[in-house]
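Peer 1: please find the sequence and the predicted model below.
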Amino acid sequence: MTRLRRAGRWLLRLAALALALLLALQLWYLGWVALWRWQDPAETAFMERERARLQARDERAQLRHRWQPYEHISVHLKRAVVAAEDARFLEHEGVDWEALQRAFETNLKRGRPARGGSTISQQLAKNLFLSSERSYVRKAQELAITWMIEALWDKRRILEVYLNVVEWGEGVFGAEAAARHYFGLGARELGPEAAARLASFLPSPKRYGRLRSSPYLDARTAAILRYMPGTQVP
């Protein structure tokens, strides 16, 4: 019995330590989310990994990225991205539970986590802090960070940061770099067609950014254009 009590005490201590470390990690995330409510993030975890990957092939490689404030980004791009990625962006509080349920059911059928069902807020949480690993543990952490973002930022700030850090091609991050890379324009100069085309790349930006045009991309761009006029943005 003495050994059992000792083992039980050790297990309790380990559990308490694990809980304390988990809480410390959440406070670390919360601190950065609070800071970035006012200060623009210079780089995300995803951008850091992408730079390392590119520099492993060419040590001189650099990312293309330049921050633009919300008012300097075309309203057409804002509408196109919301229409393409998260039509209920202004309605939900970070998680679209209907989309998440559909994704969960799809993953159960496949026997592995493949489809995400992520909102813009969830994608931003992942890009800022997490890996691209697909697992339920990572998804749980993504949800926790998403709630922090939604609690501390308004929708305008969420969309502003997302548009400035999302990947749009090989080493291309943010609306300004994407607009200049693909169209030779600034982000504020994008018209509806160019904006819809950029939004059509987002499910797989490296692949579609290389293609730029295909029957699928053309159809997706046309669909985004149809939805854009009725899409509300902050």
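Peer 2: Alright, I've got the coordinates. Residues are numbered from 1 along each chain as shown.

Peer 1: show the low-confidence segments of this protein, by residue range.
Peer 2: Using pLDDT under 70 as the threshold, the predicted model of the chain has low-confidence ranges 1, 4, 7-8, 99-117.

Peer 1: what about the strands in it?
Peer 2: Counting by DSSP state E, the segments of the chain that form strands are 64-65, 167-169, 172-173.

Peer 1: out of those, deepest packed?
Peer 2: Between the strands of the chain, strand 172-173 has the highest mean count of neighbours, a mean of 24, where neighbours are mean count of other C-beta atoms under 10 Å. To be clear about C-beta, it is placed using only N, CA and C from the backbone, and glycine gets the same treatment.

Peer 1: packing partners for it?
Peer 2: In this structure, strand 172-173 makes packing contacts with strand 64-65, judged by 3 or more C-beta pairs under 8 Å, 6 or more residues apart in numbering; DSSP states H and E.

Peer 1: show me what the strand it packs on pairs with in its sheet, parallel or antiparallel.
Peer 2: Using DSSP bridges, the strands paired with strand 64-65 in its sheet are strand 172-173 (parallel).

Peer 1: run the chain-centre distance for the strand it pairs with.
Peer 2: When distances are taken as C-alpha atoms, centre = their mean, to the nearest Å, strand 172-173 is centred 13 Å away from the chain's centroid.

Peer 1: sorry, back to before: out of the strands of the chain, the one nearest Thr2 is which?
Peer 2: For Thr2, the closest of these is strand 167-169, at 57.2 Å, according to C-beta to C-beta.

Peer 1: the closest one pairs with which strands, and in what direction?
Peer 2: Each strand that strand 167-169 pairs with, and the sense of that pairing, follows from DSSP bridges: strand 172-173 (antiparallel).

Peer 1: surely Lys155 touches Phe89?
Peer 2: Yes: with contact defined as C-beta atoms under 8 Å, Lys155 reaches Phe89; the gap is 6.8 Å.

Peer 1: these two: who's more crowded?
Peer 2: Between Lys155 and Phe89, counted using other C-beta atoms under 10 Å, Phe89 has the larger neighbour count: 24 against 17.

Peer 1: now the closest residue to that one other than its chain neighbours: how far from Ala45?
Peer 2: If you skip the residues right next to it in sequence, Phe89 has Val82 as its closest partner in space, 5.0 Å away by C-beta to C-beta, 6 or more residues apart in numbering. Distance from Val82 to Ala45, counting by C-beta to C-beta, to the nearest Å: 24 Å.

Peer 1: swap in Leu163?
Peer 2: Plainly put, Leu163 is 18 Å away from Ala45 if you go by C-beta to C-beta.

Peer 1: who's more crowded, those two?
Peer 2: Between Leu163 and Ala45, Leu163 has the larger neighbour count (other C-beta under 10 Å), namely 24 against 15.

Peer 1: so which residue is dead centre in this structure?
Peer 2: A centroid search over the chain (C-alpha atoms, centre = their mean) returns Gln123, at 2.4 Å, as the residue closest to the centre.

Peer 1: would you agree that one is in contact with Glu85?
Peer 2: Yes: A contact is recorded between Gln123 and Glu85 when judged using C-beta under 8 Å, the distance being 7.2 Å.

Peer 1: okay, now Ala194: neighbour count?
Peer 2: Close neighbours of Ala194, defined as other C-beta under 10 Å, add up to 20.

Peer 1: quick check: closest non-adjacent residue to it.
Peer 2: Using C-beta to C-beta, 6+ apart and skipping the chain neighbours, the partner closest in space to Ala194 is Phe183 (5.2 Å).
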